[in-house]
Structure formats: structure tokens, C-alpha cells
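**Student:** dropping the sequence and predicted coords here.
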Amino acid sequence: MSEQEVFFDQDQIDYFQELINIAFGRAAGLLHEFTGHDIHLHIPEVKFESYEAFYQKIETRLTNETVISQQNFNGQISGETLLILDRASAKTLAKIMHKVADPNNKEIIACAYDVGNIITTSSTKVLADISNLPMSYSTPVAEIVQKMDLLAHLNIQKYESVVTITTILDIPEANIHSEVHYLFKKPSLKILADSLSF
């Protein structure tokens, strides 16, 4: 039996999905204000899984060079978010946001930093509001990493369970794919489940 099955019933899972839909809708609105472009975040797919399954999935999906933004959220509900873009998507997004034909690495990283921060803070705020618990945020860390460097970066063994949230970020000028993953520490899952009880 998975951690998700221990802590969450189906009504709680469905409610969590609704909250994430709302959260990403807010994120899309903020990204529009930030960039001046029409941005659509597809309805996210929410999946609860073990860290072993998450690790294997990430390992198969990574390209040789990946742009990431990591950010911790702290409080009784704590963990981190991980925004993953392949380099081509990150470069296209940086072109649009910085209005440059050929963005350099600094501009690509800055773009990932800003987008990751907007998505993380707007989405986790929904969880903080529903649980009525304070939440603070670390400064995001964005960088371009090689595949093996990213796997070492994750250090996901400290997470007993992972909530995987995957979405596609659409901009009219390009189809840009990004994945957003939430990694929760075990006590946080129980607190979150209790918060979603009716």
C-alpha cells in the first residue's frame, strides 16, 4: 500500500486536484502579467507515488542538458518544488520573456528562476490557505545542469513520498513543455490529508 493510499481517500485526492487546478490558474495569470504574453498552463496531472518510482521516471525523461529551478517551502507542510525544462524549451521561453533573439545562459537561468518562483509561491499558497498554516519560502536556485548532475541534485531519498504534478506551459509563439514536481516530507502528507478532510 502506498503512502497516498494510507493518508488520502479518493475525495481528498479529487479535492487536491481541484486546488492544484486553481493554483495553476493563478500562476498562469501572474505569468501573463510578468511577460505580457497570453500564457496557458494545461490542467495539471496529479500523481502520488514513491520516491523510487519518481526517481526512475525522472531518469528516463531527462535530456543531457536540463534547466531546473528548485525552491523549498517550509512550515508544518514542508518540502520542495522542482521545475524542469529541457534546454530548448527554456531558451524559447527566455526569448519571449527577455525579447532577445539568442538568449545567453544567464538570461535562460534568470527566466527559469522567475517562472519557477511564480509557479511555486502561487500554487503552494493554496495549500497554506486551505491548511491555515504559515508557510515560508527559500530563495529559488536555478541552473543549467547535466543529466547526472541533476539526479545527484535531487537527493530525494529524504522524501518518503512524492506528489508529482506535471503540466504543459503554452505560449502562442511556441509550445513549451515544463514539468513541475512537488516533493513532500512524510509528516507533511498526514497534515495535508487532515486539512483536506471534510
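**Tutor:** Thanks, I have it.
**Student:** give the buried residues for stretch 9-23.
**Tutor:** 12, 13, 15, 16, 19, 20, 23 (16 or more other Cβ atoms under 10 Å). The way it works is simple: take the backbone N, C-alpha and C, and place the C-beta from them, glycine included.
**Student:** go on, stretch 75-89?
**Tutor:** 75, 77, 78, 79, 80, 81, 82, 83, 84, 85, 86, 89.
**Student:** try stretch 187-195
**Tutor:** 188, 189, 190, 191, 192, 193, 195.
**Student:** just the element for the residue nearest the centre of the chain, please.
**Tutor:** The centre of the chain sits closest to residue 180, judged by Cα atoms, centre = their mean, with a distance of 2.8 Å. Per DSSP states H and E, residue 180 falls inside strand 174-184.
**Student:** what does residue 94 give?
**Tutor:** Take DSSP H and E as the rule and residue 94 turns out to sit in helix 87-98.
**Student:** ok, and for whichever helix or strand comes after that helix, which residues are buried?
**Tutor:** As assigned by DSSP H and E, the chain's next helix or strand after helix 87-98 is helix 105-131. Across helix 105-131, burial judged by 16+ other Cβ under 10 Å covers 107-128, 131.
**Student:** list the buried residues for the helix holding residue 94?
**Tutor:** Here helix 87-98 shows 89, 90, 91, 92, 93, 94, 95, 96, 97, 98 as buried, counting by 16+ other Cβ under 10 Å.
**Student:** got the angle between that helix and helix 105-131?
**Tutor:** Using axes from the mean of the first three to the mean of the last three Cα atoms, to 10 degrees, the direction of helix 87-98 lies 90 degrees away from that of helix 105-131.
**Student:** identify the residues contacting helix 87-98?
**Tutor:** Residues outside helix 87-98 that contact it (Cβ atoms under 8 Å, 6 or more residues apart in numbering) are 34-35, 37, 63, 65-67, 85, 100-103, 107-108, 110-112, 114-115, 144, 169, 171, 173-174, 176-178.
**Student:** what subset of these is buried?
**Tutor:** Those of these that meet the buried threshold are 35, 66-67, 85, 103, 107-108, 110-112, 114-115, 144, 169, 171, 176-178, by 16+ other Cβ under 10 Å.
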